[in-house]
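[1] sharing a model prediction with you, sequence too.
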Amino acid sequence: MRKEKDYYFAKAKKDKYPARSVYKLEEAQEKYRFIRKGKRVLDLGCHPGSWSLYASSVLGPKGIVVGVDLQETELAGQKGGAEINLLCYDVYSDELVRAIQRRWPGFHVVLSDMAPRTTGSRYADHQQSLRLARRVLELTRTLLHPGGSLYVKVFQGEDFPEFTSECKPLFEHVKVVKPASSRRESREVFVLGRGYRPSSKKNRK
Ligand SMILES: C[S@@+](CC[C@H](N)C(=O)[O-])C[C@H]1O[C@@H](n2cnc3c(N)ncnc32)[C@H](O)[C@@H]1O
């Protein structure tokens, strides 16, 4: 078993998180502080719920987390954390957007740790991951407040630079983040966009 797996897996267990992936968000948050107390966070691909729990603890009791996944997710509430709402939808469904807009007037942060089912073909996995990330960008345009942040996972590959170019006009700052808890051999990275600026004509749908 790999050393990193042992370390982060055991740490998640000790910290009472259902998945080690929580540290991929925690590390970025500790460095860039894009989740702020009392705000609303949309967590796409939230199952089994570590990112939603962590975001809830950062947001505090006045904040709201909305987690979405293909799979049903159940979480025990965290003391002192934000309200967590868990929805079971495919992010490609239009009904998801309507269901969200009926209840919440937008978000200050959009997170996505979504990954496609891997096929063993690097190229196909890269393309499916980009398709998910582009859907996240579409949802971001509809649901993120001006000035807000996006933190989205992508499997790197030949078309990754094109994706970052699509993000750049939408945000004041765009960074590619590879957290220490992400396995070195994995091609996953996270694109962090801060300072969403929907007003530029180029960015309107
Ligand atoms: C790596 S897991 C997320 C782990 C989560 N961030 C945590 O820390 O607990 C990726 C999730 O993305 C979800 N996912 C993949 N494609 C999706 C889609 N089209 N719609 C909704 N969820 C999707 C999967 O069901 C899976 O639960």
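    Yep, it's here. Numbers count the residues shown, from 1 in each chain.

[2] so which elements touch the worst-scoring helix or strand of the chain on mean pLDDT?
    One helix or strand of the chain scores below all others by mean pLDDT, DSSP states H and E: helix 3-14, with a mean of 82. Judged by 3 or more CB pairs under 8 Å, 6 or more residues apart in numbering; DSSP states H and E, helix 3-14 is in contact with helix 22-32. Every C-beta, even on glycine, is put in place using the N, C-alpha and C of the backbone.

[3] just checking the distance from the helix it packs on to the centre of its chain.
    11 Å (CA atoms, centre = their mean, to the nearest Å).

[4] over to stretch 126-145?
    10 Å.

[5] next: stretch 11-30.
    Centre-to-centre, stretch 11-30 and its host chain are 13 Å apart (CA atoms, centre = their mean).

[6] mind listing what's buried along the longest helix seen in the chain?
    Counting by DSSP state H, the longest helix found in the chain is helix 122-143. By 16 or more other CB atoms under 10 Å, the buried positions in helix 122-143 come out as 125-130, 132-133, 135-137, 139-140, 143.

[7] packing partners of that helix?
    Other helices and strands packing on helix 122-143, by 3+ CB pairs under 8 Å, 6+ apart, are strand 40-44, helix 94-103, strand 107-112, strand 144-155, helix 160-167.

[8] I'd like those as a markdown table, with mean neighbour count, distance to Glu83 and mean pLDDT appended.
    Supplementary listing: the helices and strands packed on helix 122-143 in a markdown table, determined by neighbours: other CB atoms under 10 Å; distance: least, CB to CB, whole Å; pLDDT from 0 to 100:
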| stretch | mean neighbour count | distance to Glu83 | mean pLDDT |
| --- | --- | --- | --- |
| strand 40-44 | 27 | 10 | 98 |
| helix 94-103 | 12 | 11 | 97 |
| strand 107-112 | 26 | 14 | 98 |
| strand 144-155 | 22 | 18 | 98 |
| helix 160-167 | 15 | 29 | 98 |
